[in-house]
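[1] Sequence and predicted structure, then a few things I'm wondering about:
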Amino acid sequence: MYSMRDTIITVVLMGAICAVWLWQKPAREVAKMQAGIAHALFEPEAGDVYAVGHSGRTEGLSGSQNGVAVLWKNGEQHRLSDGRFDSAANSVFVSNDDVYVAGYEKSIEYKIPASFSIFWKNAIIWKNGVKQSLGDGKHASEANSVFIWGDDVYVAGYEEISIDTTLSRPGQPYFEPIATIWKNGNVLYRLTNSANAPSKAMSVFVDGKDIYSAGSVPQYFGGSIATVWKNDQILYSRTRVNQTSGVNSLFVSEKNIFGRRNVYYVGNGMESDSGRSAGSEAMVWKNGKLLYVLTDGKKIGIAGSVFVAGDDLYVAGKDVNYAMLWKNGEPIRLSDGGASGSANSVFVSGKDVYVGGNDSNTAMVWKNGTVFQRLSSGVVNSVFVK
């Protein structure tokens, strides 16, 4: 998350990437109808709490159990999808009168024989509840983060495309996910490395003509490398030797007195040795250098979201079964660890710190370290306060 002029922004991603922004301008009541779904958003008042993610499971086609992309406003749930296909909301951004949500909705493609079908994730941007597909629906794609700059809408995610690799054969295109930045619904950048390796973008930040994004690309000897791009070039790409890592969230600070910006990013890494137990470390980087290792790596540790407010750095994530908040590297437990919990997004408004995530199967929002909202069954991927 980051603060910029009169705008406060949070970028989040854990597993499915998320991002949040706050614009301090009022928004009129908006009511839209999409595929028979009513989605109403009312004029925001000071202190409104927005959260996006997915609710519990519904009965889908062929008896499948699908998650439903949702937006909660002050605890009231608004569906973005009808539940026929699995969907999730990963990121939300409010600008002027418009509410943008990025995520995915699965679509179906029938193959031969006709009874056989394949479900693909399809990258979606919802504007005031009306959806627009960013992918072609025939190959997997996902929208993980959305950012508005002026009149332009930027989205970070991935899309599977045909690429030229050593696995390609004549007449048999090879499809891999490639980190993608969309601008106003059109592909702006395909981001990878010189080897056209598979990649994913989890977070995006725009500052004038410069577009920062973050995610991961594979290493030659296995695993992946935490990667930050500036425009279409790699800015930072490093990890520990023999370790795989990826970025979930990106924050770019305001300029300091020297006219420079600091780039903070968070994620997780794990030893790639097959002989090691499957643990991971929650990690924080600043300008390409490791700043904090927040967990011991013996079990699951994830850093999912970052926010800088003044001199304080906040990170939301997970340590084993605990939903966690770290302030300047010091841990604060948000859940009791009795069931699997996770903190996926952090947002600071004035003196208050909001965190979105889940405790067991319940979507949650915490405020200043205590439970603020218990929502429906499901997960909060992103939260902001306006």
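    Sure thing, it's come through. If you're wondering where the values come from, they're calculated on a predicted model, not measured in any experiment.

[2] show me where the stretch 251-386 of the chain has strands.
    In the stretch 251-386 of the chain, the strands defined using DSSP state E, counting those that start in this stretch lie at 263-271, 281-286, 289-293, 301-309, 312-319, 322-327, 330-333, 341-349, 352-359, 362-367, 370-385.

[3] where in this protein is pLDDT low?
    For the chain, residues meeting the criterion pLDDT under 70 lie at 1-46, 57-65, 108-118, 163-174, 194-196, 220-222, 239-243, 271-278.

[4] And stretch 329-338, how far out from the chain middle?
    Offset of stretch 329-338 from its chain centre (CA atoms, centre = their mean, to the nearest Å): 21 Å.

[5] residues making contact with that stretch?
    284, 292, 294, 313, 319-326, 341, 343, 355, 357, 359-360, 364, 366, 369 (CB atoms under 8 Å, 6 or more residues apart in numbering). C-betas here are computed from N, CA, C, even on glycine.

[6] List the residues that contact D232.
    Listed by CB under 8 Å, 6+ apart, the contact set of D232 reads 189, 191.

[7] I meant to write R260 there.
    No residues are in contact with R260 under the rule CB under 8 Å, 6+ apart.

[8] how near is it to V252?
    Computed with CB to CB, to the nearest Å, the distance linking R260 and V252 is 11 Å.

[9] any chance you could map the strands in the stretch 51-200 of the chain?
    According to DSSP E, counting those that start in this stretch, the strands that the stretch 51-200 of the chain contains are 65-73, 76-79, 87-95, 98-110, 117-127, 130-133, 141-149, 152-163, 174-183, 186-191, 200-207.

[10] Let me have these in JSON lines, adding distance to S224 as columns.
    JSON lines is the format used below for the strands of the stretch 51-200 of the chain (distance: least, CB to CB, whole Å):
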{"stretch": "strand 65-73", "distance to S224": "25"}
{"stretch": "strand 76-79", "distance to S224": "34"}
{"stretch": "strand 87-95", "distance to S224": "19"}
{"stretch": "strand 98-110", "distance to S224": "21"}
{"stretch": "strand 117-127", "distance to S224": "19"}
{"stretch": "strand 130-133", "distance to S224": "27"}
{"stretch": "strand 141-149", "distance to S224": "15"}
{"stretch": "strand 152-163", "distance to S224": "13"}
{"stretch": "strand 174-183", "distance to S224": "12"}
{"stretch": "strand 186-191", "distance to S224": "14"}
{"stretch": "strand 200-207", "distance to S224": "9"}
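
[11] wait, which of those strands is closest to V52?
    Nearest of the strands of the stretch 51-200 of the chain to V52, taken as CB to CB: strand 87-95 at 3.9 Å.

[12] List the neighbouring strands of the closest one plus their orientation.
    Using DSSP bridges, strand 87-95 pairs in its sheet with strand 16-23 (parallel), strand 98-110 (antiparallel).

[13] quick one: that strand to strand 200-207, angle?
    Our comparison of strand 87-95 with strand 200-207, counting by axes from the mean of the first three to the mean of the last three CA atoms, to 10 degrees, yields an angle of 10 degrees.

[14] Format the CA atom coordinates belonging to strand 87-95 as CSV.
    Extracted in CSV, the C-alpha atoms of strand 87-95 (Å, rounded to 0.1, in the frame of the first residue of the first chain):
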residue,chain,number,x,y,z
SER,A,87,-14.9,-16.6,-9.3
ALA,A,88,-13.0,-14.3,-6.9
ALA,A,89,-12.2,-10.6,-6.4
ASN,A,90,-8.6,-9.9,-5.9
SER,A,91,-8.3,-6.1,-5.8
VAL,A,92,-10.4,-2.9,-5.5
PHE,A,93,-9.9,0.7,-6.5
VAL,A,94,-12.3,3.6,-6.1
SER,A,95,-11.7,6.7,-8.2
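
[15] what distance separates that strand from the centre of its chain?
    On CA atoms, centre = their mean, the centre of strand 87-95 falls 9 Å from that of its chain.

[16] Also stretch 134-148?
    Its chain's average C-alpha position is 12 Å from that of stretch 134-148, according to CA atoms, centre = their mean.

[17] For it, buried residues please.
    By neighbour count with 16 or more other CB atoms under 10 Å, stretch 134-148 contains the buried residues 134-135, 137, 139-148.

[18] Out of the residues you listed, which two sit at the greatest distance?
    Counting by CB to CB, the most remote pair of the buried residues of stretch 134-148 is H139 and I148, 26.7 Å apart.
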